[in-house]
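Visitor: after the sequence you'll find the predicted model.
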Amino acid sequence: MLLAGLPPYNLEAAADGEETGVGLAPVPGRRHVLRVLWRQDATAVLHLPDELIHAQQAAMHQALRTILSAHRFWVEDGPVGDAPVVLGLTRPGSA
């Protein structure tokens, strides 16, 4: 994510109300699999309409999916706008 210029989620910054960034979360029941999440700024969430928040979240998750794929990460197929699930660095059988 740093190669793509996206800031990592920072728990300390979140305590100060600045929590926009990319975070990783384990996928329950699936070892070695991570979900890549975009975390929006809490103040934006409080002041924007729900539809806009969901649209921004979906757009960022789609952008993350594209960025991860471009960097040759194996991303699980899923609904557009859902946080991408990373299965590994490259898809099996690809060079």
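Guide: Now that the structure is in, tell me what you want to look at.
Visitor: residue 61: neighbour count?
Guide: Number of residues near residue 61 (other CB atoms under 10 Å) recorded here: 21. In short, each C-beta sits where N, CA and C put it, glycine included.
Visitor: can I take it that it is in a helix?
Guide: Yes - the assignment for residue 61 by DSSP: H, G, I helix; E, B strand; the rest coil puts it in a helix.
Visitor: residue closest to the middle of the protein?
Guide: Centroid check for the chain by CA atoms, centre = their mean gives residue 37 as the closest residue, at 2.8 Å.
Visitor: that residue and residue 23 touch, don't they?
Guide: Yes - applying CB atoms under 8 Å as the test, residue 37 and residue 23 come out as touching, 4.8 Å apart.
Visitor: need the residues touching each of the two.
Guide: Residues within reach of residue 37 and of residue 23 at once, by CB atoms under 8 Å, 6 or more residues apart in numbering, are residue 9.
Visitor: strands of this protein, start to end?
Guide: With DSSP state E applied, the chain shows strands at 21-27, 30-39, 74-75, 85-88, listed in chain order.
Visitor: buried sites along the longest one?
Guide: The reference is to strand 30-39. Of the residues in strand 30-39, those buried by neighbour count under the rule 16 or more other CB atoms under 10 Å are 34-39.
Visitor: coming back round to it: so for residue 66, which of the strands of the chain sits nearest?
Guide: When those are ranked by distance to residue 66, counting by CB to CB, first place goes to strand 74-75 at 9.1 Å.
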